[in-house]
Structures are given as structure tokens and as C-alpha cells.
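>>> Next input, structure requested:
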Amino acid sequence: MIKKNKITIFVFFLMMVLTVSLKTYFAYYVDLSLGVKGIVQNLILLLNPYSLIALVLSALLFFKGKKGFWFIFTGGTLLTILLYSNVVYFRFFSDFLTFSTLNQVSNVESMSGALWSSFQWYDFVYFLDTVFYLILLTVKRDALSLKSFKRKFVPVLMGASIALFFINLAFAEMDRPELLTRTFDHKYLVKYLGPYNFTIYDGVKTIQNNQQKAMASADDLTRLQSYTKTKYAEPNKQYFGIAKEKNIIKIHLESFQTVMIGKKVNGKEVTPFLNQLATGNQDFIYYNNFFHSTGQGKTSDAELAMDNSMYGLQQGSAFSLKSDNTFQSLPAILNQKQNYSTSVMHGDYKTFWNRDQIYKRFGINKFYDATYYDMREENLENLGLKDKEFFKESIPYLKAEKQPFYSHLITLTNHYPFTLTPEDATIESPNTGDKTVDGYIQTARYLDESVKQFISDLKKEGLYDNSVIMIYGDHYGISENHNEGMGKFLGENITPVNFMDLQRTGLFLKVPGIKGHVDSTYASQIDVMPTILHLVGIDAKPYVIFGTDLLSQKHNQTVIFRNGDYITPTFKSVNGTVYDNVTNEPVKDKQILEQAAKIKNTVTTELEMSDSLMNGDLLRFYDNKDFKKVNPADFQYKNGTVSPTK
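Residues are numbered from 1 along each chain as shown. Down below sits the predicted model:
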């Protein structure tokens, strides 16, 4: 049949458009959680792949003969690679590839094991047509007709493709107004535009953001300061300066979510030590409504928020993309105002997430990376040094620090894909049917044991009583791709609404002179910096920050997420719909909806302000009498002397 009816280049073009579109639909409904609902959104989803696929491939119809077939094949293959790369990236990060994230490829080697776990057995589906076309072009060449397509019709096809895009965009704008101007959530953009058009959109945004620094001026800083000054919350006089000259120890819990607090597997607590701290009967204040503020930068975004009271970038990681910016970071302020020595300790190598560059901008004196630790194979798991070994080896470095000191310790073991040896796994798997969720339970238990050991060692070494100690989760560990397994473990159906509730990462705060208790204040990572400044007796007012003091009576309890969603003590906004916090049902009360609309405008403004701060590098214009700009040349991070065969 093929010999009688040879395949023309136009038919080959139509076949390629169809098959690439079909596997895009496969990705939509199998791998990508886009939150599609209703007839209109499903219609948009059906429509959106075609425009760019057809536009790219139709342009290749200008080529004649075998060359034309090969060009169309190459175009379709590149679109397939783009689609599949997004699928794999989404499985791991619950987000989509951007040009900004491509600048972070140096992190891939360290995370190769985690990325490998993102591959699925059915992934061959994405390349079935590629193999078929390759056989057709090499083995079955006689089935192809070399009759050329009339070039005068190519512009017509390209015009139709562009028209299709604008039809798609019109439907999208009807369902989601201001989609291209005031949307921060990449899932929204892919849902309405498709992954291919999203790539074009991202490219334009990347160029605009890169131009923003060159066009920024001191006037932009003035507008930003006017905004952040309105958010300033005066310190609570009872606590202002109560921790002056106390050491500050930050314990950064990788991928920890407080949904683990109080949970059991076969009668055994997942996090017994943190459970004790969460009662408020110990020395720690437990903030049970504390959320992460991270975007694509995940761990690095958490560090940015905690030390700078600003949000991560809409696309990519500021640690990689804005490492030459000017910052007014907590470590530098502590050093300049109260002569704190500052350090970071981490069981991975200093170049990971570009930390060796960005920390210099933060004014961090010392960086104890993997070269300072015993990195023998038996001490490693997943991305680096096991947490128990890391904490044990960090104690001598803490003891050697000149007091008062600020030290930030970053854990690693509780990181996707959550692997652990049988010897280190001290709690049974819950057997949810999802290996990621099962592994997470076991690594969370290991993390809990590690923190308990570390707190015990701090007490033994005399570093506990005279220190402010923070323990917090950096970002979620279980993405919505694993809602079924997590739902089975929790015994509930996880919807997009209660998935927001799972974004609590918790803050345990020990302050000498303040009795432990449970505090249900709503807060996020951007609120930590002003809180610490006020505790040590430094007024946060002269600095450009977005958070507010947790202990202030004027603390702002609206928690803003990087994608534009938000939560307050009474209601939350998820994907544009307002829900009651208690029932998780849509709000119908007009007064509350009006209040929610005002908050939404504030949320959008705040994220735009934070983006302008980062993209315009606006702090370079700030001549702050309370702060001397950090000179990164003043900091050099030498390798440690620990032998890997110690």
C-alpha cells in the first residue's frame, strides 16, 4: 500500500504534527499535573500544542526532496526532546524547564542519581514515532515521494499556525485574564499555552529580565523602599535585644514538611524528637503555620529568603543567575553591627548551586564544604555526606568559631530520591505503593535522629544554652506527582487545596530567655531575617526586606507563595479560587471575596517588587548609612584538609 501511495512531504509534515501533538496530550494527562478543570480548559489543552508545532514544521516545507524530509524529522525530534525534557524535569521539580534553569546544568552531576529516578518504564512512548520515522527515512526510502510542496502555500500554513496561536490565547485570556502579564505560576502558562509556546514566552521574559538591570535606576529603588517601608513591623519591646551577643545556629532540614509531625508507621513515630519539640514543652517555640517561600531554586531559594527576606526568582535560581548582585544579608549585617563571625557548613562541594560565589556576596566569612569532611564512601548517601556524620564532624568547627557566631548547617540525606541503607533505616516502610513516599518516611526518621544527636552534642559541648537555635524545613519533599502515595499514607485524598496545607515546613526557634510554646502565627521564610535582627537588638527598618518580625504585634500574617497563591489565617487562594481554611470549601461570602481580591493585588505587587529588586540589582543604588556594601573580594573559601581516607 505504501508503494502505491507514496508519502509526500506534506503528508509527512501532517503525520509529524499529529504524532508530536498526541504525545504532548499523553504528557498532559499522564505526567504533568496542570490542574485542568471544565470544558473550556480541556478545549484549550486540546488546542495549544498545534500552533507552534505546525509553525516550526511548516517553515521546513521550504526545503525540497530528501533534505525536506530530514529537516522536518529533525524539527519534530527537537520538539520531542523539549517535551520529554520537561516531563523528566517536572517529575523531579514539579515545574518546567526555563532558559534560566539551563544555566544551572552544573548541578546536574551532583543530582544525577535523583534525576535517574525520575525515568519511568513507559517513557519509550515519547520516542515511538521518532523510531518509526527514522526507519522510514533510512530503510523504507522508496515509500517517500520526492514531489515538492508548492512553496507559495507555506506562508499560508505559517499564517494559519499563528492565527491558531491567537485563537488559543484569546480563549486563555477569557479563562485567565492577564495571563501573560500577571501570572507567576508556570503550570498556568503551560496549561494555557502548551510547553512549546511557553518556551518562546520564557525566552522573551528572560531577555526582558536581563535588560532590566541595564535599565534600572535609583528611582526604581525609591519605589521599592516606599513599598517595603509600609510593611515594616515595629519590634516587640519585650523581646527586642533579648538575644544580643548570643550565638545563632541555623539547622536547615532538607525537604522537610511538618506533615510528618505526629505521624506513625506501625505504631512507631516518624519524627519522635521533633514531635517533642513541637509540643512547646521544651525550650523551642514551634511555629506550626510556617511555610516555605521557594520557587524553582528550591533549597537555594530558602537560603535566599531566610538570609535576605526576599523571594526567589520567578524563573531559575538567584544563586546561579544573580550571583553578582548586591545584597544586604543577615550574616553581613550581624558582622558589621555586632561583630559576629559567620559560616556555612555543608556536606557537598562548594560549587554546588554556585554557593562559593553567592556566599561572598552575603558576607559569609567561612564556608566548610565537603573538603572539610570525611567523604569516604561509607559516609555518603545520595547527594553527599550522611546527616549524622555531618553533624558529628561539624561540632569541632562550631567550637572553633569566635563567639558570637552565626552558623548555618545544611543537611542532605532527606533529599529526593530518598535513599537509605537498611542499616540506617530505623523505621519500617509504610508500603504505600509509591517508593518515593516510602523512602521519604524513612529518610525523615533518619533526619530526626540526626537532629536529636546534634542538639545533644551542642549541650555536651556547652554551645546550647548561649545560642539562638533555628530548625526549619527548606521546601516540600513530596511533590504533587506523588499525591496518591502521600494520600494513602495520610489516609486522605490530596487535592490542590489541601496540597497547599502540606507546604508547611515548620520553624522551631529556641531563644534564651523565652519559654518554649506553640505559636500558630502564619509566617514564611521571609519573616525570619527581621525576627532575628530584632532579637539581637538591630532595628530592621533601614534595610529593604519583605518579611515582618514574627514576634511583633504588627506581624503580617499573609503568606505569599512564589506562584502567586497565598494563605491567611482564615482563607487561602489556590489557582485563583478562594477557599475557607477550615472546610477547604470555596468561599461564597462577598465581603471575604472582596477582601481576598485586595490581598491578591498586594500579592502580585509584592512579587513584582521582589523581581524588580533582583532583576534590576537595585540594592547597588542604596547608600545605607547602617550598612557597608559587601566586597566579595574580601572573602576566599579555601579547601579543607580532611583526607577522604581518614
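
>>> which residues are in contact with the host helix or strand of residue 45?
Assigned by DSSP states H and E, residue 45 belongs to helix 38-47. Here helix 38-47 makes contact (CB atoms under 8 Å, 6 or more residues apart in numbering) with 25, 28, 34, 36, 164, 167-168, 171-172, 174-175, 191-192. Where you see a C-beta, it was placed from the backbone N, CA and C, and this is true even at glycine.

>>> buried ones in it?
41, 44-45, 47 (16 or more other CB atoms under 10 Å).

>>> Please indicate which of the contacts of helix 38-47 are buried?
28, 34, 164, 168, 171-172, 175, 191-192.

>>> and the protein, what are its domains?
9-212, 218-285+302-497+530-634 (automatic domain parsing).

>>> With distance to residue 293 as extra columns, can I get these in TSV?
Conversion of these to TSV gives the following (distance: least, CB to CB, whole Å):
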stretch	distance to residue 293
domain 9-212	13
domain 218-285+302-497+530-634	4
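
>>> any idea which of those domains is most buried?
Of the domains of the chain, the one with the most neighbours on average (mean count of other CB atoms under 10 Å) is domain 218-285+302-497+530-634, at a mean of 19.

>>> on that earlier part again, next step: the buried ones among the contacts of helix 38-47 restricted to helices.
28, 164, 168, 171-172, 175, 191-192 (DSSP state H).

>>> of the residues you listed, the lowest pLDDT goes to which?
Least confident entry in these, by pLDDT: residue 175, with 77.

>>> could you measure residue 601 against residue 548, distance?
From residue 601 across to residue 548, the span is 19 Å (CB to CB, to the nearest Å).

>>> Next: residue 196.
Going from residue 196 to residue 548 by CB to CB gives 41 Å.

>>> Likewise for residue 479?
On the measure of CB to CB, residue 479 and residue 548 end up 29 Å apart.

>>> do residue 446 as well
Counting by CB to CB - residue 446 and residue 548 are separated by 35 Å.

>>> re the thing from before, nearest to residue 589, of the ones in helices among the buried ones among the contacts of helix 38-47?
residue 175 (23.8 Å; CB to CB).

>>> Setting aside sequence neighbours, what's the nearest residue to the closest one?
residue 40 (5.2 Å; CB to CB, 6 or more residues apart in numbering).

>>> What is the longest helix of the chain by residue count?
Max-length helix for the chain by DSSP H is helix 65-93.

>>> In the stretch 351-500 of the chain, what residue spans correspond to strands?
366-368, 380-381, 384-385, 405-410, 467-473 (DSSP state E, counting those that start in this stretch).

>>> next one: the stretch 201-350 of the chain
247-253, 264-265, 268-269, 284-291, 341-346.

>>> Now distance to residue 235 too, for those strands, in JSON lines please.
Listed next are the strands of the stretch 201-350 of the chain as JSON lines, based on distance: least, CB to CB, whole Å:
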{"stretch": "strand 247-253", "distance to residue 235": "17"}
{"stretch": "strand 264-265", "distance to residue 235": "40"}
{"stretch": "strand 268-269", "distance to residue 235": "37"}
{"stretch": "strand 284-291", "distance to residue 235": "16"}
{"stretch": "strand 341-346", "distance to residue 235": "22"}
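
>>> what's the closest of those strands to residue 436?
It's strand 264-265; of these, that one is closest to residue 436 (CB to CB) at 15.5 Å.

>>> Distance from that closest one to the middle of the chain?
28 Å (CA atoms, centre = their mean, to the nearest Å).

>>> which outside residues touch it?
Contacts of strand 264-265 (CB under 8 Å, 6+ apart): 270, 427-430, 441.

>>> in the stretch 1-150 of the chain, what spans have low per-residue confidence?
1-4, 93-94, 100-101, 103-117 (pLDDT under 70).

>>> ok so residue 123 is a strand residue?
No. Counting by DSSP: H, G, I helix; E, B strand; the rest coil, residue 123 is not part of a strand but helix.

>>> wait, what's in contact with it?
84, 87.

>>> Give the other helices and strands that the helix or strand where residue 532 lies contacts.
Per DSSP H and E, residue 532 falls inside helix 528-535. With contacts taken as 3 or more CB pairs under 8 Å, 6 or more residues apart in numbering; DSSP states H and E, helix 528-535 sits against helix 299-308, helix 330-338, strand 467-473.

>>> Which among those is found nearest to residue 632?
Nearest of the helices and strands packed on helix 528-535 (CB to CB): helix 330-338, 10.9 Å.

>>> what mean pLDDT does that closest one have?
The model assigns helix 330-338 a mean pLDDT of 98.

>>> Might you quantify the distance of that helix from its chain's geometric centre?
27 Å.

>>> who does it touch, helix- and strand-wise?
helix 299-308, strand 341-346, strand 405-410, helix 528-535.

>>> quick one: low-confidence ranges for this structure?
For the chain (pLDDT under 70), the answer is 1-4, 93-94, 100-101, 103-117, 178, 181-185, 642-646.

>>> For stretch 416-433, give me every contacting residue.
Here stretch 416-433 has contacts from 92, 113-114, 117, 255, 265-266, 268, 270, 381-382, 386, 413, 435-443, 445-446, 449, 477, 484-486, 488-489, using CB under 8 Å, 6+ apart.

>>> And the helices and strands packed on helix 528-535: which comes nearest residue 20?
Nearest of those (CB to CB): helix 299-308, 33.1 Å.

>>> Can you spell out which helices and strands pack onto the closest one?
Using 3+ CB pairs under 8 Å, 6+ apart: helix 299-308 touches strand 247-253, helix 318-321, helix 330-338, helix 355-362, strand 405-410, helix 528-535.

>>> export these to JSON lines and tack on distance to residue 418?
Shown next, in JSON lines, are the helices and strands packed on helix 299-308 (distance: least, CB to CB, whole Å):
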{"stretch": "strand 247-253", "distance to residue 418": "13"}
{"stretch": "helix 318-321", "distance to residue 418": "23"}
{"stretch": "helix 330-338", "distance to residue 418": "30"}
{"stretch": "helix 355-362", "distance to residue 418": "23"}
{"stretch": "strand 405-410", "distance to residue 418": "17"}
{"stretch": "helix 528-535", "distance to residue 418": "26"}
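
>>> of all those, which lies closest to residue 179?
Of all the helices and strands packed on helix 299-308, helix 318-321 comes closest under CB to CB, at 24.0 Å.

>>> which secondary structure elements does that closest one contact?
Looks like helix 318-321 contacts helix 299-308, helix 355-362 (3+ CB pairs under 8 Å, 6+ apart).

>>> how about the last one as PDB, C-alpha atoms only?
The C-alpha coordinates for helix 355-362 follow below in PDB (Å, rounded to 0.1, in the frame of the first residue of the first chain):
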ATOM      1  CA  ARG A 355      27.400  28.800  46.700                       C
ATOM      2  CA  ASP A 356      31.100  29.600  46.700                       C
ATOM      3  CA  GLN A 357      30.200  32.800  44.700                       C
ATOM      4  CA  ILE A 358      26.900  33.900  46.300                       C
ATOM      5  CA  TYR A 359      28.100  33.400  49.900                       C
ATOM      6  CA  LYS A 360      30.800  36.000  49.300                       C
ATOM      7  CA  ARG A 361      28.000  38.500  48.300                       C
ATOM      8  CA  PHE A 362      26.200  37.500  51.600                       C
END
